[in-house]
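Q: fold the following, please.
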Amino acid sequence: MVLSRLRSSICVAIEKLIAAEVDDSDLSVLFGTSVAQSVLSDFFNEILDALKDADVEMRIILKMIIDLRRIITVEDLICRPSVYDRRSVIQKAVFDGLIAMLDSGTQPVTAAERGQLCVILVAGEDGSRKSTTCVKLARHYKKQGWDPAVVYADNYNAVEFAQLCHLATKAEIPFQPARRAERYHNRDACKIADKGLRSFKNRQHDLIIIDAYLDKLLEICTKTRANLLLYVVDSHIGNAIPFPDNSNFDGGIIVTKMDDHEKEGACLSALAAHKLPVMFIETGEDVDEFEAFDVKSFVNRLLELDGADQTELISENRMMGIANDAGCEVEDVIHDRFGIVEGLMTTVHSITATQKTVDGPSAKDWRGGRAASFS
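A: So this is what the prediction gives:
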């Protein structure tokens, strides 16, 4: 996924702010000219520039910056001198800000429950990988135990249909029409969709995905009584929303080509701003490079925080320092992580309470314990 530039810019800005040296005796804070305020302003500007370079809409950026200014203050830098304390505040603020920016807060009409016939219509502009996305969607549901099939009911396009046939065969997904598709060129898309639906229904398939002709979408939807409409959006459109007036849209969005462009963040944030729920993202051309969109997982990957607890974030470098006394000052790490009293008592206990000490006198162990106690 081509998010390296945005990831790098945001992470560099975060690390600079975490490592910034500020003097709590700087009385100029009263006059608004403190070092801490300058460092903080630089941080906000770097986040703004990173999002602007990613083509995110300015009003969306400004809202996030305003939220960050409210959460991260000068007092946080002065009153939290330890790297650990700062990191927990700063990373969580950025994490929550990005989630708010990318989360539409709305849910599409859900598909049918298992055990019932489910019909999904997939529509989109030419060139958006719509047809191959239908196969990937079928593959996704097949892994969850559904028995899917794909109906090609678009106005015949030789290239698209060839790609669909190749991918469907590779993924072992039944599809129709399977042969001489050129006979369907300029035929009634509604009839094709209805015929395919009835055919696969008779074969006991419980999930039928229809690659719908956009100009006949409403008619196909009415004819097939679809449970869910998914609209395919090419990520390279950035913040150019395909249908800004979404008052009548109650389906979901699939964003494709997330591997090809630097505008994925702009596209996702614009969709969220217009309350258009992203349900799936396509991350490559392979049949399995397709996944349900989860905003928290996406932001985790963006900030390289996979598996981290957002309320307790310690950098990889800091953890390496804790594990290796050559990389840090022990007293600083103990104080940052545990507090000096708890850390000292833990250190003393670890040296004195050895098995040899418990079993009986040992000059070496007693000397180690005495030295630790004096420390």
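
Q: hey, let's count contacts and neighbours off CA atoms from now on
A: Noted.

Q: tell me where the stretch 51-200 of the chain has helices.
A: Counting by DSSP state H, counting those that start in this stretch, one finds helices in the stretch 51-200 of the chain at the ranges 58-71, 74-79, 83-102, 130-143, 158-171, 189-202.

Q: what's the fifth one packed up against?
A: Right, helix 158-171. If you count contacts as 3 or more C-alpha pairs under 8 Å, 6 or more residues apart in numbering; DSSP states H and E, helix 158-171 packs onto helix 130-143.

Q: mind listing what's buried along the helix it packs on?
A: By neighbour count on 16 or more other C-alpha atoms under 10 Å, the buried set for helix 130-143 is 130-140, 142.

Q: export that helix to CSV, keeping only CA atoms.
A: Output of helix 130-143 as CSV, limited to C-alpha atoms (Å, rounded to 0.1, in the frame of the first residue of the first chain):
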residue,chain,number,x,y,z
LYS,A,130,-15.2,-3.3,-10.9
SER,A,131,-15.4,-6.7,-12.6
THR,A,132,-12.4,-8.2,-10.9
THR,A,133,-13.5,-6.7,-7.6
CYS,A,134,-16.7,-8.8,-7.9
VAL,A,135,-14.6,-11.9,-8.0
LYS,A,136,-12.5,-10.8,-5.0
LEU,A,137,-15.6,-10.0,-3.1
ALA,A,138,-17.0,-13.5,-3.8
ARG,A,139,-13.6,-15.0,-2.7
HIS,A,140,-13.8,-12.9,0.5
TYR,A,141,-17.3,-14.3,1.4
LYS,A,142,-16.3,-17.8,0.3
LYS,A,143,-13.7,-17.9,3.0
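
Q: now do it: everything it contacts.
A: 122-124, 147-150, 152, 160-161, 163-164, 167-168, 171, 173, 209-211, 232, 256, 282, 287-291 (C-alpha atoms under 8 Å, 6 or more residues apart in numbering).

Q: low pLDDT regions in the stretch 51-200 of the chain?
A: Flagging of the stretch 51-200 of the chain using pLDDT under 70 yields the residue ranges 81, 108-112, 155-156, 178-186.

Q: coming back round to it: out of the buried residues of helix 130-143, the closest to Leu77 would be?
A: His140 (45.8 Å; C-alpha to C-alpha).

Q: please report the distance of that closest one from Asp288.
A: 8 Å (C-alpha to C-alpha, to the nearest Å).

Q: Val35: which of the helices of the stretch 51-200 of the chain is closest?
A: helix 74-79 (9.3 Å).

Q: now His205: how far from His274?
A: 35 Å.

Q: revised request: answer the last question for Ile173.
A: 34 Å.

Q: ok, Lys191 next?
A: 34 Å.

Q: likewise Ile60?
A: Taking C-alpha to C-alpha, one finds Ile60 at 11 Å from His274.

Q: now stretch 66-76: buried residues?
A: Quick answer for stretch 66-76 (16+ other C-alpha under 10 Å): 68, 72, 74.

Q: send me that stretch as CSV with only the CA atoms.
A: Extracted C-alpha coordinates of stretch 66-76, given in CSV (Å, rounded to 0.1, in the frame of the first residue of the first chain):
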residue,chain,number,x,y,z
ILE,A,66,-8.0,22.0,15.8
ASP,A,67,-8.7,18.8,17.7
LEU,A,68,-5.0,18.1,18.1
ARG,A,69,-4.4,21.6,19.5
ARG,A,70,-7.1,21.0,22.1
ILE,A,71,-5.6,17.7,23.2
ILE,A,72,-1.8,18.3,23.0
THR,A,73,-0.8,21.4,24.9
VAL,A,74,2.4,23.2,26.1
GLU,A,75,1.7,21.9,29.6
ASP,A,76,1.9,18.3,28.2
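
Q: name the surrounding residues that touch that stretch.
A: 36-37, 40, 44, 86, 89-90, 93-94, 97.

Q: closest to Lys16 among these?
A: Leu40 (9.9 Å).

Q: secondary structure class for that closest one?
A: Per DSSP: H, G, I helix; E, B strand; the rest coil, the secondary structure class of Leu40 is helix.

Q: pretty sure it sits against Leu17.
A: Yes: between Leu40 and Leu17 there is a contact at 7.1 Å, judged by C-alpha atoms under 8 Å.

Q: and the gap between the closest residue to Lys275 other than its chain neighbours and Ile60?
A: Using C-alpha to C-alpha, 6 or more residues apart in numbering and skipping the chain neighbours, the partner closest in space to Lys275 is Ser104 (4.7 Å). Distance, Ser104 to Ile60, using C-alpha to C-alpha: 12 Å.

Q: compare Ile60 and His274 and say which one has the larger neighbour count.
A: Legend: neighbour count by other C-alpha atoms under 10 Å for Ile60 and His274, higher for Ile60 (19 against 16).

Q: ranges for the strands of this structure?
A: Per DSSP state E, the chain carries strands over the ranges 118-124, 148-153, 175-176, 207-212, 228-234, 252-256, 278-282, 290-292.
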